[in-house]
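K.L.:
quick check, what structure comes out for this input:
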Amino acid sequence: MNLELIRNSITSDINPILSNNDGTKLSSVLIIIFEDSPKILMIKKPITMKHHGGEIAFPGGKISNDDEDLLDTAIRETLEETGIKVKRDEVIGQLKPVTTLNSGFTILPFICILDEIKNLTPNSEVDEFLEIPLMPFLQTLAEDSDPEHNSIQEMHELRFKNHIIWGASARMLKQITAKLKINE
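P.N.:
The predicted structure is shown next:
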């Protein structure tokens, strides 16, 4: 599947504002898909981080008072964590919000497609960058394989090399597999 087919499948309206009625902390991430043979960028967080230490995630974080909306948050956090400058008009869609179970965040995921990424520059919140071939990665999706977090209905797990991707990130990736009609 090439970038154009992916773009056509996942482009959606963007509404970067969530009402915070459930008391969770608002945050957002940017899912970056890049290159002709599509890859997806993920980060491994340092084990020493207070929230989600050692986990594989997308660039992103909590909304700040200086952010106009959650899209601003995703773009700002991506720049801080990766050095990638993404413009608002490069963001092609968003997924449904995902809530973390342990840390109390509601995350609004945005998606952008870039021709390439280069000169990745990690900040202190990034231990490692993972440039993952998209289609083989999405095909590793396993249902109900997260027994430690079985208090919700959607428990998923994906694998890349020796990394296991689970929790909120896996639920976001499950939404992408549905949009791309993978494993159907």
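K.L.:
start to end distance for stretch 72-91?
P.N.:
Start to finish, the residues bounding stretch 72-91 are 11 Å apart (Cα to Cα, to the nearest Å).
K.L.:
one more: stretch 124-135?
P.N.:
Note: stretch 124-135 ends 30 Å apart using Cα to Cα.
K.L.:
quick one, strands of the chain?
P.N.:
Here the chain has its strands, by DSSP state E, at 25-34, 39-44, 56-57, 60-62, 91-94, 98-99, 105-114, 128-133, 142-143, 156-160, 163-166.
K.L.:
lowest-confidence stretch among the ones you listed?
P.N.:
Note on these: strand 142-143 shows the lowest mean pLDDT, a mean of 66.
K.L.:
with distance to residue 7 added, can I get the strands of the chain in JSON lines?
P.N.:
C-betas here are computed from N, CA, C, even on glycine. Formatted as JSON lines, the strands of the chain follow (distance: least, Cβ to Cβ, whole Å):
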{"stretch": "strand 25-34", "distance to residue 7": "9"}
{"stretch": "strand 39-44", "distance to residue 7": "14"}
{"stretch": "strand 56-57", "distance to residue 7": "23"}
{"stretch": "strand 60-62", "distance to residue 7": "21"}
{"stretch": "strand 91-94", "distance to residue 7": "6"}
{"stretch": "strand 98-99", "distance to residue 7": "22"}
{"stretch": "strand 105-114", "distance to residue 7": "5"}
{"stretch": "strand 128-133", "distance to residue 7": "17"}
{"stretch": "strand 142-143", "distance to residue 7": "27"}
{"stretch": "strand 156-160", "distance to residue 7": "22"}
{"stretch": "strand 163-166", "distance to residue 7": "23"}
